[in-house]
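Q: coords below, sequence missing:
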């Protein structure tokens, strides 16, 4: 057996942590365990597991090939689980996490509040709300280089404040 540390950062060995969940010899007992196994599957590029661990009602356009195309330049580097809480009803849970990764050696992070549901005793990933900064939205129209400068000088923007 491999003595490799688990990708999910639990401090356990892979074959004692996420390995059995990914290879199907054990089921995730909690949403957090499934989240950790999904992160480890990303690290291993086991996209079939990502599809099968997604709730059947939310898989319609998901394929292992599609995930692989999206992730071809992604290198997963770490996982932080911020909280894992039960839902208001049995069989529902939430996991807030940050997944660290790099794309072409540029560090990135994905902060998500994920929703999980149990179906026939099995936990599944349903969806998540990605946290992050809202994109900048310009409040006024963009001034072109050849437009009059908005300062009122009468010059073209490129010859005035747009330099």
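A: On my side now, so go ahead. Not measured: the values here are computed from a predicted model.
Q: Please make it C-alpha for all contacts and neighbour counts, starting now.
A: Fine.
Q: thinking residue 87 is in contact with residue 117, fair?
A: No: using Cα atoms under 8 Å, residue 87 is not in contact with residue 117; the gap is 9.0 Å.
Q: Of these two, give the one with the bigger neighbour count.
A: residue 117 (23 against 13; other Cα atoms under 10 Å).
Q: middle-most residue in the protein, spatially?
A: residue 110 (5.0 Å; Cα atoms, centre = their mean).
Q: Mind listing residues that contact the helix or strand where it lies?
A: Per DSSP states H and E: residue 110 is located in strand 106-119. Strand 106-119 has contacts (Cα atoms under 8 Å, 6 or more residues apart in numbering) with 31, 55, 91-102, 123-132.
Q: distance between that strand and the chain's centre?
A: Strand 106-119 sits 5 Å away from the centroid of its parent chain (Cα atoms, centre = their mean, to the nearest Å).
Q: Neighbouring strands of it in the sheet, and parallel or not?
A: strand 92-103 (antiparallel), strand 122-131 (antiparallel) (DSSP bridges).
Q: so which of those strands gets nearest residue 26?
A: strand 122-131 (10.5 Å; Cα to Cα).
Q: so what's residue 95 closest to, chain neighbours aside?
A: Distances taken as Cα to Cα, 6 or more residues apart in numbering place residue 84 nearest to residue 95, at 4.4 Å, with adjacent residues excluded.
Q: hang on, isn't the one you found packed against residue 93?
A: Yes: between residue 84 and residue 93 there is a contact under Cα under 8 Å: 7.3 Å.
Q: Having no further points to raise, I will conclude here.
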